[in-house]
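In: just the structure for this:
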Amino acid sequence: MATQRPSFPVRLTPTASAATRGRMPAVPVKPMVPSTPSMASNAVRARMVQKLAAQGISDPRVLRAMSAVERHGFVDSALVNQAYEDTSLPIGLGQTISKPSVVARMIELLLAAPALVGKPQDKLGRVLEIGTGCGYQAAVLNHVASEVYSIERLRGLHERARLNLRPFRLATVHLMLGDGMIGYAKGAPYAGIIAAAGGEAVPEAWIAQLAVGGRIVAPTHSASGGQALVVIDKTARGLERLVLEAVHFVPLKSGIA
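Out: Numbering: from 1, shown residues only. Take a look at the predicted model:
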């Protein structure tokens, strides 16, 4: 039986009780700077992409996607001049937009899943993003995946991402307010799962919702007490796990706030 899927934009109903929802404080939503194409921003973004290539990002699909999405449209007006620097920037509520190099690296790892080896022109199938944030990575993923489901636990950021992405009318990007630790079973199975927050381990729910041949790219706690980027492939023989470089992401938390 076909599963009815939400259309963009979407909000999941929080699982908290009505009484609890009634006590939730309102979070002011400030839309980011409207995206206004200019030769200046195009040139700066082109230099950002050149630097990504120099740092080792080689998949043309990733470089094209990073070139296509205007990062300055997803940051606060006071930070526009830093939008194309390779740095994370605050987006409110204690969260950040990831460095361009980290976004590119994680998406390139998704595209290097075994199922896509030897198919450099193919798009990923359906992708689940844990932690929508301001919506920037979802916009980039839209260029390399056939469909993107993105879930955010913070109501203020969920609303901000909706505002940021609404002008693009991305019919294949679906935004949900919900608990990312439990994933989104209605959209499963996923060809890829990418997380913008790190926990003790990759939740079992994500592994269950990953298709055979699919890949998870996520930060998790490392033995040294920091975080490391982890790749998990789901094969017919079982799970294959690879621990990569050290990273620094916000903590993975459950619930809706």
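In: any weak-confidence spans in the stretch 101-250 of the chain?
Out: Residues of the stretch 101-250 of the chain that meet the criterion pLDDT under 70 lie in 120.
In: what about the residue nearest to residue 59 when sequence neighbours are not counted, how many neighbours?
Out: Leaving out its chain neighbours, the residue that sits closest to residue 59 by C-beta to C-beta, 6 or more residues apart in numbering is residue 108, at 4.8 Å. Glycine gets a C-beta too; all of them are placed from N, C-alpha and C. Neighbours of residue 108 under the rule other C-beta atoms under 10 Å: 20.
In: swap in residue 119?
Out: When neighbours are counted by other C-beta under 10 Å, residue 119 registers 9.
In: roughly how far does it sit from residue 112?
Out: 11 Å (C-beta to C-beta, to the nearest Å).
In: next one: residue 53
Out: Between residue 53 and residue 112 the computed distance is 16 Å (C-beta to C-beta).
In: now residue 173
Out: Relative to residue 112, and taking C-beta to C-beta, residue 173 is found at 22 Å.
In: and those two? which has more neighbours close in?
Out: In this view residue 173 and residue 112 are compared by other C-beta under 10 Å, and residue 173 has more residues nearby, 25 against 14.
In: residue contacts, the more buried one?
Out: Going by C-beta atoms under 8 Å, 6 or more residues apart in numbering, residue 173 touches 8, 138, 139, 141, 142, 147, 148, 150, 165.
In: quickly find the element holding the third one.
Out: Element membership of residue 139 [criterion: DSSP states H and E] is helix 136-141.
In: over to the last one?
Out: The secondary structure element spanning residue 165 is helix 155-165 (assigned by DSSP H and E).
In: immediately after that helix, which helix or strand?
Out: Using DSSP H and E, the helix or strand that follows helix 155-165 towards the C-terminus is strand 173-177.
In: hmm, who's touching whichever helix or strand comes after that next one?
Out: As assigned by DSSP H and E, the chain's next helix or strand after strand 173-177 is strand 190-195. Here strand 190-195 makes contact (C-beta under 8 Å, 6+ apart) with 106-107, 110, 113, 115, 124-131, 137, 141, 145, 149, 180, 183, 202, 206, 209-211, 213-219, 249, 252.
In: which of those residues fall in helices?
Out: Members of those lying in helices (criterion: DSSP state H): 106, 107, 110, 137, 141, 206, 209.
In: how near is the fourth one to residue 85?
Out: I take that to be residue 137. 17 Å.
In: those two: who's more crowded?
Out: Each of residue 137 and residue 85 has its neighbours counted (other C-beta under 10 Å); residue 137 has more, 25 against 15.
In: correct me, but that one touches residue 217?
Out: No: the pair residue 137 / residue 217 is not scored as a contact, 11.4 Å apart, by C-beta atoms under 8 Å.
In: on that earlier part again, would you list the contacts of residue 173 in JSON lines and tack on distance to residue 235 and neighbour count?
Out: Formatted as JSON lines, the contacts of residue 173 follow (distance: C-beta to C-beta, whole Å; neighbours: other C-beta atoms under 10 Å):
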{"residue": "8", "distance to residue 235": "32", "neighbour count": "18"}
{"residue": "138", "distance to residue 235": "27", "neighbour count": "30"}
{"residue": "139", "distance to residue 235": "30", "neighbour count": "25"}
{"residue": "141", "distance to residue 235": "23", "neighbour count": "28"}
{"residue": "142", "distance to residue 235": "27", "neighbour count": "22"}
{"residue": "147", "distance to residue 235": "23", "neighbour count": "20"}
{"residue": "148", "distance to residue 235": "24", "neighbour count": "29"}
{"residue": "150", "distance to residue 235": "26", "neighbour count": "30"}
{"residue": "165", "distance to residue 235": "34", "neighbour count": "24"}
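In: which of these lies closest to residue 67?
Out: Residue 67 lies nearest to residue 139 out of the contacts of residue 173, by C-beta to C-beta, at 12.3 Å.
In: got the buried residues for the helix or strand harbouring residue 66?
Out: Assigned by DSSP H and E, residue 66 falls within helix 60-68. Neighbour counts over helix 60-68 (16 or more other C-beta atoms under 10 Å) mark 61, 62, 63, 65, 66, 67 as buried.
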